[in-house]
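how would this look folded up:
(one chain, ligands or ions: 2)
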Amino acid sequence: MIEYQGSVFRPPSEANSLILQATLGCSYNKCTFCAMYREKRFRVRPIAELRKEIAWARDNLGGVRKIFLADGDALTAKASFLHEVLDCIREAFPRLQRVSCYASPQSLQIRTVEEMRELKQAGLSQYYLGVESGCDATLLHMEKGVDGDEMVRVANKASDAGIKLSTMILLGIAGRSGSDRHAKESARVINAISPRFVSTLVVTPVEGTPLWDQKLAGDVDELTPIELAQELRTFLAHTDLKSSIFRSNHASNYLALKGTLPKDKDALVDVLDEVLANPRKAAFVPDWLRAL
Ligand SMILES: C[S@@+](CC[C@H](N)C(=O)[O-])C[C@H]1O[C@@H](n2cnc3c(N)ncnc32)[C@H](O)[C@@H]1O
Ligand code: SF4
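Ligands and ions are numbered 1, 2, ... in the order given. Here you go, the predicted structure:
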């Protein structure tokens, strides 16, 4: 059996994947908005435990095609450990199409291009990266640990290794006064990364985080759905991408949009202009249906 330890998070596009906790928690665990792994101490799981779980999944779950390596930054584990996990996975699931994981900027700083290339050859072909913002002041305020230029540098290391990147941008994280700059700078950084996928999430203050404390102190202005739509419009209007799939289908969003950039850029901007012109007619997801 697979006994998951603590809360498990995965991107929406991994809904049909087998989730294996290669590591527990997040080795960085400092981003002011993120509560996901605060209750866990980071550690790499013993390979023997993972071997048992993989064997159980092989014997009990038919036809595993996709695997997501949790928790928050599995790429931080040593390359030799990840190779052991990937070898075991490949042996157990001959019809496997993809293995992916979260990659924080910090994990990308420590992995070399060569290591990532070799791990890709062993099956780990896609990373999810929380870019969150391209604005240096906003990245500093959220304690992401890198500025926009460093985010681009480490993301491009992964691209150089042939990794497919799926990036996240956090709408609303810069508040009202920083919204426009956050949107434009985020587009600049995403343009420089040119990821295969870019998705937006709406920042949600969660109890137990510094962002929650800032909210209680009255220091957070949470944007309205209209202001978030304006931020997203500015972001999309400033993208200059060759071929990226855009989605705002994460459960935190008020508007679920998707398209390919640049092909659908004008149409997406038009949809948002329509929302901004006629906010009462907009099909915003109600708060009770939103989640993290
Ligand atoms: C589990 S985290 C892993 C990302 C990876 N560790 C990194 O930093 O690149 C996945 C993403 O969830 C989003 N997220 C986390 N906490 C959130 C919150 N309170 N509100 C909205 N989105 C949040 C962020 O975009 C974050 O990058
Ligand atoms: S966003 Fe990523 S790096 Fe930051 S604390 Fe959460 S899991 Fe860790």
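
Going by C-alpha atoms from here, please, whenever you check contacts or count neighbours.
OK.

which helices and strands sit right next to the longest helix along the chain?
The single longest helix within the chain, with elements called by DSSP state H, is helix 175-193. For helix 175-193, the contact count by 3 or more Cα pairs under 8 Å, 6 or more residues apart in numbering; DSSP states H and E identifies helix 148-160, helix 225-237 as packing neighbours.

In it, which of the residues would be classed as buried?
By 16 or more other Cα atoms under 10 Å, the buried positions in helix 175-193 come out as 175-176, 179-193.

how about the residues of this protein near ligand 1?
Taking Cα under 6 Å from any ligand atom as the criterion, the chain approaches ligand 1 at residues 33-34, 72-73, 102-105, 129-130, 132, 168, 170, 201-206.

Would you map the helices across this protein?
Ranges of helices within the chain are 47-60, 79-92, 105-110, 113-121, 136-141, 148-160, 175-193, 210-216, 225-237, 265-277, based on DSSP H.

So which residues make contact with the last one?
Taking contacts as Cα atoms under 8 Å, 6 or more residues apart in numbering, the residues outside helix 265-277 that touch it are 226, 229, 230, 233, 236, 237, 257, 258, 259, 281, 282.

from these, which single one is nearest ligand 1?
Distance to ligand 1 across the contacts of helix 265-277 (Cα to the nearest ligand atom) is lowest for residue 229, with 15.6 Å.

Let me see the contact set for that closest one.
For residue 229, the contact set (Cα under 8 Å, 6+ apart) comprises 255, 272, 275, 276.

So which of these wins on neighbours?
residue 272 (24 neighbours; other Cα atoms under 10 Å).

So for it, what's the pLDDT?
Per-residue pLDDT puts residue 272 at 95.

how close does it get to residue 220?
Look at residue 272 and residue 220: by Cα to Cα, to the nearest Å, they are 25 Å apart.

Likewise for residue 112?
From residue 112 across to residue 220, the span is 38 Å (Cα to Cα).

what do you get for residue 231?
As defined by Cα to Cα, residue 231 lies at a distance of 16 Å from residue 220.

more neighbours, the two?
The neighbour count for residue 231 versus residue 220, taken as other Cα under 10 Å, is higher for residue 231 (23 against 18).

Quick one, grab the pLDDT at the residue nearest to that one when sequence neighbours are not counted.
Once flanking residues are discounted, residue 231 sits nearest to residue 183: 5.8 Å by Cα to Cα, 6 or more residues apart in numbering. pLDDT recorded at residue 183 is 98.

thought residue 183 was touching residue 237?
No - with contact defined as Cα atoms under 8 Å, residue 183 does not reach residue 237; the gap is 9.4 Å.

How many neighbouring residues does the residue in the chain positioned nearest to ligand 2 have?
Ligand 2 sits closest to residue 29 of the chain, with a gap of 3.6 Å, by Cα to the nearest ligand atom. By the measure other Cα under 10 Å, the count of residues near residue 29 is 20.

thought it was touching residue 38?
Yes - assessed by Cα under 8 Å, residue 29 is found in contact with residue 38 at 6.6 Å.

shared neighbours of these two, anything?
Common contact partners of residue 29 and residue 38 (Cα under 8 Å, 6+ apart): none.

that older thread, what residues does the longest helix of the chain touch?
Contacts with helix 175-193, where a contact means Cα under 8 Å, 6+ apart, come from 132-135, 138, 148-149, 151-152, 155-156, 169, 172-174, 198, 220-223, 231-232, 234-236, 238-241.

Now the buried members of those.
For those, a burial check counting by 16+ other Cα under 10 Å picks out 132-135, 138, 148, 151-152, 155-156, 169, 172-174, 198, 220, 222-223, 231-232, 234-236, 238-241.

so how far is the longest helix of the chain off the chain centroid?
Relative to the centre of its chain, helix 175-193 is centred 16 Å away, using Cα atoms, centre = their mean, to the nearest Å.

Helix 225-237 and that helix, what's the angle between them?
Interaxial angle of helix 175-193 relative to helix 225-237 (axes from the mean of the first three to the mean of the last three Cα atoms, to 10 degrees): 20 degrees.

separation between residue 279 and residue 255?
Distance of residue 279 to residue 255, given as Cα to Cα: 12 Å.

likewise residue 44?
Taking Cα to Cα, one finds residue 44 at 37 Å from residue 255.

Likewise for residue 3?
In terms of Cα to Cα, residue 3 sits 35 Å off from residue 255.

same thing with residue 219?
Distance from residue 219 to residue 255, counting by Cα to Cα: 26 Å.

on that earlier part again, dump the helices and strands packed on helix 175-193 into TSV; add mean pLDDT as well.
Formatted as TSV, the helices and strands packed on helix 175-193 follow (pLDDT from 0 to 100):
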stretch	mean pLDDT
helix 148-160	98
helix 225-237	97
